[in-house]
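Asks: below: sequence and its predicted model.
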Amino acid sequence: MAKEVVISNSSLNSYGFRVLTEGIDMTQYQRNPIVLWMHTRPFRGTTDEALPLGTMQNLRIDGDKLIGTPVFDESDEFARKIKAKWDNGILKMVSAGLEIIEQSADPKVLVEGQRYATVTRSKLIEVSIVDIGANDDAIVLYNDKHDIINLAQGKGEIFLTPIKNPLNTIEMERKQIALALGLNEAATEQEVLDTIAQLRKDAQDAVTLRQQAEQQRQEAIATLVDKAVAEGKFTADKKNHFVELGNKVGLQSLKDTLELMTPAQRPGSLIKPANSSEGGDYKTLSEVPADKLEALRKEQPEQYKTLYKAEYGIEPAMKD
């Protein structure tokens with residue numbers, strides 16, 4: 001049973017260029033739709049040369065595909081062998097031999113990874129059954145003299161214009177971005193985007209943590225300052241000063257500074273013993289300890305007079 005086969009399409013081949021299906025001229029080929037073996041034409045006149053295998057029937061373009069059905073010459077022994085392998089699915093591929101008529105480096109006809117200009121117009125010269133098809137042997141080129149330039153396995157010269165493809169620059173940038181993100185350079189665009197999204201989330205989480213830490217630090221500074229005010233180390237109107245000090249020197253330095261400060265004392269506390277066993281609130285002069293009596297007379301004369309009068313009923317004669 002005859003099998004249809006895709007002869008060509010507009011996809012990028014392994015050589016770095018592509019042929020637009022819509023630009024393939026089949027007019028001449030349809031007059032002589034020859035099918036060769038591996039793009040080989042007999043020219044030596046020897047018995048070991050492979051003659052044409054047959055013809056390509058039902059040649060047509062379907063969407064972006066150039067399609068045809070190879071019909072083998074069963075009167076030829078070699079053609080029968082190739083047909084048997086074709087029918088058994090051992091040989092599956094064909095290759096178009098094209099003559100370039102026009103090429104273009106317009107970005108509109110380029111795709112990512114392309115290194116040579118796109119063949120926008122070409123002429124179909126022959127079609128061959130090949131052992132390895134796809135990108136490696138799916139296409140061969142002829143020059144304007146119909147001299148074949150075999151591209152199989154990277155051999156031969158590609159007489160297409162090398163191009164600087166802007167899409168390749170984008171691809172290179174994506175590879176560099178992938179490596180910078182710690183990914184493999186072959187990472188897909190979605191993998192790159194997912195990694196960037198995760199990094200953005202991590203960065204936002206870090207900002208949130210820093211904000212929370214700063215809020216806790218401010219609260220701790222305020223707590224230290226309020227505690228110092230309550231302990232009488234300074235008055236409430238100095239709070240802002242010590243809060244700013246904490247912001248400058250840090251929480252621990254502020255804490256150390258406040259711990260070194262002592263509560264302010266009232267003037268009256270300077271002449272009163274610390275506890276009642278040393279006199280408490282003196283009511284009479286006899287309650288004042290002897291070692292404090294002279295200091296009381298000199299430093300607090302009015303208090304001395306009051307206690308003296310309370311003790312003896314008269315005011316003392318004060319002398320320097």
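Replies: Noted; the coordinates are in hand. None of these values were measured; they are calculated from a predicted model.
Asks: can you pull out the strands in the protein?
Replies: With DSSP state E as the criterion, the chain has strands at 5-8, 24-25, 34-37, 54-62, 65-72, 93-104, 118-130, 139-142, 148-149.
Asks: export those strands to a markdown table and tack on mean pLDDT and mean neighbour count?
Replies: Glycine gets a C-beta too; all of them are placed from N, C-alpha and C. A markdown table is the format used below for the strands of the chain (pLDDT from 0 to 100; neighbours: other Cβ atoms under 10 Å):
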| stretch | mean pLDDT | mean neighbour count |
| --- | --- | --- |
| strand 5-8 | 88 | 22 |
| strand 24-25 | 94 | 18 |
| strand 34-37 | 94 | 20 |
| strand 54-62 | 94 | 16 |
| strand 65-72 | 92 | 20 |
| strand 93-104 | 89 | 20 |
| strand 118-130 | 92 | 22 |
| strand 139-142 | 54 | 22 |
| strand 148-149 | 50 | 16 |
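Asks: could you list the low-pLDDT ranges of this structure?
Replies: In the prediction, the chain carries residues with pLDDT under 70 at positions 1, 133-161, 163-172, 264-280, 319-320.
Asks: quick one, domains of it?
Replies: Here the domain parsing of the chain from automatic domain parsing is 5-164, 189-260, 267-312.
Asks: now those domains as TSV including distance to Ala180?
Replies: Below are the domains of the chain laid out as TSV (distance: least, Cβ to Cβ, whole Å):
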stretch	distance to Ala180
domain 5-164	20
domain 189-260	10
domain 267-312	69
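Asks: point out the most buried one among those domains.
Replies: domain 5-164 (a mean of 16; mean count of other Cβ atoms under 10 Å).
Asks: circling back to that earlier point, turn the strands of the chain into a markdown table, including distance to Val192.
Replies: Shown next, in a markdown table, are the strands of the chain (distance: least, Cβ to Cβ, whole Å):
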| stretch | distance to Val192 |
| --- | --- |
| strand 5-8 | 33 |
| strand 24-25 | 37 |
| strand 34-37 | 45 |
| strand 54-62 | 36 |
| strand 65-72 | 32 |
| strand 93-104 | 30 |
| strand 118-130 | 27 |
| strand 139-142 | 33 |
| strand 148-149 | 38 |
